[in-house]
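Participant: below is the sequence, then the predicted model.
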Amino acid sequence: KAGVTQTPRYLIKTRGQQVTLSCSPISGHRSVSWYQQTPGQGLQFLFEYFSETQRNKGNFPGRFSGRQFSNSRSEMNVSTLELGDSALYLCASRGFDEQYFGPGTRLTVT
Amino acid sequence: GESVGLHLPTLSVQEGDNSIINCAYSNSASDYFIWYKQESGKGPQFIIDIRSNMDKRQGQRVTVLLNKTVKHLSLQIAATQPGDSAVYFCAETPRFGNEKLTFGTGTRLTIIP
């Protein structure tokens, strides 16, 4: 079956702009989590959605938000982009077993 | 606060040898631990997991050891192959199914042909 897909794969934005990233989980998976990966901070948990509800949240400012749709697809939004938001944003989905990660969206803020 | 640390940032191993990657964690309430492998340009890939009620678990060519007394986790890879070259992360969470994972900083494993 198809894996976790993320779009777009690469994105360049300017400081102050906002961005929306999309994640399509593996078919049948209802849990979708988002992580930020940077060389300095490593992998950090952003939030998790399950059945359209945010079930868990990491320690990120309110500029980072997300949502999940009835088909389990998820989006995350970052408003008022800062240079430090440049990172690889990873989405992961889980069914009844292990968690599967997508390839990530590489966001560059200039 | 919670932290998960790795002892070595890089590790080079001869092809065919065994490799051991170590990880220390600080949260004594952690119940579920996972090892991930991340290759360049890809997302992390699940390797093996272990729950706190176990001290050893084996998979295909991999073994995870958990020492709760000293809060230490290790990943052993047997008979390393070139395809094992990647960055390896340990992660912990209070319980299975809790997706709020705390990741270690990662160890880059290089297999020398």
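Facilitator: Nice, I can see it.

Participant: near chain B, which residues of chain A are found?
Facilitator: Listed as neighbours of chain B in chain A under the rule Cβ under 8 Å from any Cβ of the partner chain: A:4, A:31, A:33, A:35, A:42-45, A:48, A:55-56, A:58, A:90, A:92, A:94, A:98-104. For the C-beta atoms, the positions are set from N, CA and C on the backbone; glycine is no exception.

Participant: among those, the buried ones, what's the PyMOL command?
Facilitator: Command for PyMOL that selects the buried part of the residues of chain A next to chain B, burial taken from 16 or more other Cβ atoms under 10 Å in any protein chain shown:
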select buried, chain A and resi 4+31+33+35+42+43+44+45+48+55+56+58+90+92+94+99+100+101+102+103+104
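
Participant: quick check: the residue of chain B found nearest chain A vs B:Asp84, distance?
Facilitator: Of all residues in chain B, B:Gly43 sits closest to chain A, at 3.2 Å by Cβ to the nearest Cβ. Using Cβ to Cβ, to the nearest Å, we find B:Gly43 at a distance of 17 Å from B:Asp84.

Participant: over to B:Ile112?
Facilitator: Remark: distance between B:Ile112 and B:Asp84 (Cβ to Cβ) = 11 Å.

Participant: sorry, back to before: out of the residues of chain A next to chain B, which sit inside strands?
Facilitator: Under the assignment DSSP state E, those contribute A:31, A:33, A:35, A:42-45, A:48, A:55-56, A:90, A:92, A:94, A:99-101 to strands.

Participant: all strands of chain B, in order?
Facilitator: B:4-6, B:10-14, B:19-25, B:32-38, B:45-51, B:56-58, B:62-67, B:72-77, B:86-93, B:102-103, B:107-112.
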